[in-house]
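> Take a look and give me a structure for this.
(2 chains)
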Amino acid sequence: MSAVTVNRVCKVFNAGNPNRVDALVDIDLTVEPAQFISLIGPSGCGKSTLLRLVANLIDPTSGDVSVNGKPAAQARLDQDYGMAFQQAGLFEWRTVEKNIELPLELKGWDKAKRRARAQEMLELVKLPEFGRHMPWQLSGGMQQRIAIARALAAHPPLLLMDEPFGALDEMTREHMQAELLRICAATSTTVVFVTHSIPEAVYLSDRVVVMSPRPGRITDVIDVDLGRGRTEDTREQAAFYAKITEVREALRRVEKAGATSGLGVDDR
Amino acid sequence: MTRRAVHRTLLFLVALFLVACAWELYKAVGPEQGGSLLGIPLAKTNDHAMPHTWDMVSRLGEPENRAGGQAIWRSVLGYAWYSFRLAAFGLGLGAVFGIAAAVVMARFRFVERGLLPWIVMSQTVPLIALAPQLVSWSGKLDLFGWDWPQWLSVCVLAAFLAFFPISIGTLRGLSAAPPAATELMQSYAAGWWRTLLKLRFPAAVPSMVPALKLGATLSVVGVVVSEISIGVKGGIGRAVISYSQAATGDPTKVYAAVFGAALMGLVLYGLIVLIDLALMRNRPQEVEG
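Predicted coordinates for the structure are as follows:
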């Protein structure tokens, strides 16, 4: 049973209006459990829309999405996934540990259990002494780590991330990528990750899904066989650079095919 | 007390002192019997029309009337305490209904569109006209033999004035939660009411506090005006009227009542500030605009 199955999904906004947008057309995607896949593509290719369809925050116009063997709607009701956005989105009136406890409160866990799990998650993201702090006392990178801790607090099998490191500087970003890989390996979480950055996509993923805009569709799925135990040294391997080039060329093909200007994808 | 609080209190006292100075300055240079300057009418500055500030203060120590008895500041404090409780209760009522109305309007868009114009219109009816209407209408109510007391009318009218800013401020605050946060709650499959409790209300507090402050001052105004309109005994409104009627013989007397009313407003406002401090204790300090 796959973790996520997207089956012939189309998403149209403003159907029947002059400003109709075909955000996604004929999307087929399967993600196996414990896999890490990235969605990459220029602005408007529908990667965030696809993520929101998996999260059941919006409904497909046609086709179906299933998560963990159930329809996406059911998976959302059962809270089978956690989500992290570009803005950490921590509640400023709650302490760090109460922020992590939020999904557990909504699941009806009792206080002791919640407290224990929050502490466990803080250990996992290597911020154990910050439980009683307020979010505004933490740096951007630390806040994102807390957001990830919150997303994984209920140990969901799936993690959905929409450019979570987009607002961070380059050094913090690389550090956070390594942390994310470590955390996901420790928890065997399936991850669907949306990004603008080619090196980020290659470093993190088992597969890179290349998308193109107008209308949004998948043009390429590139396997990244750099092995599981990736480290900082991986970034300097020839195979790493080769993969980055492969993804970049796939994106260039997208650009030529659509004759769009202004890719909006980072070569960093 | 924090340095900021001490600083603020000192500034307040300095401001009061400056107002007193401005008063005395005008008294010193202005015309005794009034007049006009370039067509602008000027107030009289004789001791009858504009008593000295120190005379106002010393009057507080003297008895209420010639018959003797306790110093007037004690009496005024008693009236102010009576009215303060009405203002606080009125504010509470206004807050309960204001917040409830805001929640319903936030939940049901059509209610907001239907109700808001009526709420706005209702505020344009002058309190002086409403007060006698409320009294006569409540007198006609048959509440199983229970008589509608006068002070309740005062509270209702104060609540009526406080209701509007509180409902508008709360409504605005309830829609102030960032969309990423509402999406997060959606991803948790949290229903509207749970999202209200865990996200919207806490996010609304920065909007609700200024609304409550405004409601507090309006509630005090409402109490004073209603007491005068309805003729309630024992309150500060009645004291203002009866003292001002004695102004020919005792010009500083009315200022004692004015001070009492001002004190009421300050204390009620101060209560809201304390609530604000308690609620915002954990939040980042915003730079005051």
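> Skipping adjacent residues, who's closest to A:Val186 in space?
Small correction: residue A:186 is Ala, not Val. A:Leu124 (6.8 Å; CB to CB, 6 or more residues apart in numbering or on different chains). The C-beta positions use only the backbone N, C-alpha and C, and glycine is treated the same way.
> Which strand or helix spans the spatially most central residue of chain B?
In chain B, the residue lying closest to the centroid (CA atoms, centre = their mean) is B:Thr217, at 2.0 Å. Using DSSP states H and E, B:Thr217 sits within helix B:201-230.
> Go through the residues of the stretch 101-250 of chain A and report the one nearest to chain B.
Closest to chain B within the stretch 101-250 of chain A is A:Trp136: 4.2 Å, counting by CB to the nearest CB.
> For B:Gly249, what are phi and psi?
Taking degrees, to the nearest 10, you get phi -90, psi -30 for the backbone angles of B:Gly249.
> just for the stretch 51-200 of chain B, where's the confidence low?
Residues of the stretch 51-200 of chain B that meet the criterion pLDDT under 70 lie in B:142.
> mind redoing it with 80?
B:64-69, B:139-147 (pLDDT under 80).
> need the residues of it near chain A, please.
When proximity is defined by CB under 8 Å from any CB of the partner chain, the stretch 51-200 of chain B lies next to chain A at B:178, B:180-181, B:183-184, B:186-190, B:194, B:198-199.
> Identify the farthest-apart pair in these.
Across those, the longest distance by CB to CB is 19.2 Å; it joins B:Pro178 and B:Ala189.
> With adjacent residues omitted, what lies nearest to the spatially most distant residue from the centre of chain B?
In chain B, the greatest distance from the average C-alpha position (CA atoms, centre = their mean) is reached by B:Ser187, at 42.5 Å. The shortest distance from B:Ser187 to any non-neighbouring residue, by CB to CB, 6+ apart, is to A:Met83 (4.7 Å).
> ok, that neighbour - contacts?
Contact analysis of A:Met83 by CB atoms under 8 Å, 6 or more residues apart in numbering or on different chains lists A:Ala55, A:Ala151, A:Leu159, A:Leu160, A:Met161, A:Asp162, B:Glu183, B:Leu184, B:Ser187.
> would you list those in a markdown table and tack on distance to B:Thr248?
Output for these, formatted as a markdown table (distance: CB to CB, whole Å):
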| residue | distance to B:Thr248 |
| --- | --- |
| A:Ala55 | 77 |
| A:Ala151 | 76 |
| A:Leu159 | 82 |
| A:Leu160 | 80 |
| A:Met161 | 79 |
| A:Asp162 | 76 |
| B:Glu183 | 69 |
| B:Leu184 | 68 |
| B:Ser187 | 73 |
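> which of those lies closest to A:Asn14?
Relative to A:Asn14, and with distances defined as CB to CB, the nearest of the contacts of A:Met83 is B:Glu183, at 20.2 Å.
> Export stretch B:106-123 to PDB, keeping only CA atoms.
Only the C-alpha atoms of stretch B:106-123 are listed here, as PDB (Å, rounded to 0.1, in the frame of the first residue of the first chain):
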ATOM      1  CA  ALA B 106     -18.000  36.000  12.300                       C
ATOM      2  CA  ARG B 107     -19.600  32.600  12.000                       C
ATOM      3  CA  PHE B 108     -22.500  33.600   9.800                       C
ATOM      4  CA  ARG B 109     -21.600  36.100   7.100                       C
ATOM      5  CA  PHE B 110     -25.300  36.900   6.400                       C
ATOM      6  CA  VAL B 111     -25.900  37.800  10.000                       C
ATOM      7  CA  GLU B 112     -23.000  40.200   9.800                       C
ATOM      8  CA  ARG B 113     -24.400  41.800   6.700                       C
ATOM      9  CA  GLY B 114     -27.900  42.000   8.100                       C
ATOM     10  CA  LEU B 115     -27.100  43.000  11.700                       C
ATOM     11  CA  LEU B 116     -24.200  45.500  11.300                       C
ATOM     12  CA  PRO B 117     -26.200  48.400   9.700                       C
ATOM     13  CA  TRP B 118     -28.800  48.100  12.600                       C
ATOM     14  CA  ILE B 119     -26.000  48.200  15.200                       C
ATOM     15  CA  VAL B 120     -24.500  51.300  13.600                       C
ATOM     16  CA  MET B 121     -27.900  53.000  13.400                       C
ATOM     17  CA  SER B 122     -28.700  52.200  17.000                       C
ATOM     18  CA  GLN B 123     -25.800  54.200  18.200                       C
END
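> Counting neighbours, which bits of that stretch end up buried?
Burial within stretch B:106-123, assessed by neighbour count using 16 or more other CB atoms under 10 Å in any protein chain shown, is assigned to B:Ala106, B:Glu112, B:Ile119.
> do the same with stretch B:52-72
In stretch B:52-72, counting by 16+ other CB under 10 Å, buried: B:Thr53, B:Met56, B:Arg59, B:Leu60, B:Glu62, B:Glu64, B:Ile72.
> ditto for stretch A:106-124
A:Leu106, A:Trp109, A:Arg114, A:Arg115, A:Arg117, A:Ala118, A:Met121, A:Leu122, A:Leu124.
> can you redo the residues you listed as JSON lines with secondary structure?
Output for the buried residues of stretch A:106-124, formatted as JSON lines (DSSP: H, G, I helix; E, B strand; the rest coil):
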{"residue": "A:Leu106", "secondary structure": "helix"}
{"residue": "A:Trp109", "secondary structure": "coil"}
{"residue": "A:Arg114", "secondary structure": "helix"}
{"residue": "A:Arg115", "secondary structure": "helix"}
{"residue": "A:Arg117", "secondary structure": "helix"}
{"residue": "A:Ala118", "secondary structure": "helix"}
{"residue": "A:Met121", "secondary structure": "helix"}
{"residue": "A:Leu122", "secondary structure": "helix"}
{"residue": "A:Leu124", "secondary structure": "helix"}
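> pLDDT added to the residues you listed, as CSV?
Below are the buried residues of stretch A:106-124 laid out as CSV (pLDDT from 0 to 100):
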residue, pLDDT
A:Leu106, 92
A:Trp109, 93
A:Arg114, 94
A:Arg115, 95
A:Arg117, 94
A:Ala118, 95
A:Met121, 92
A:Leu122, 93
A:Leu124, 88
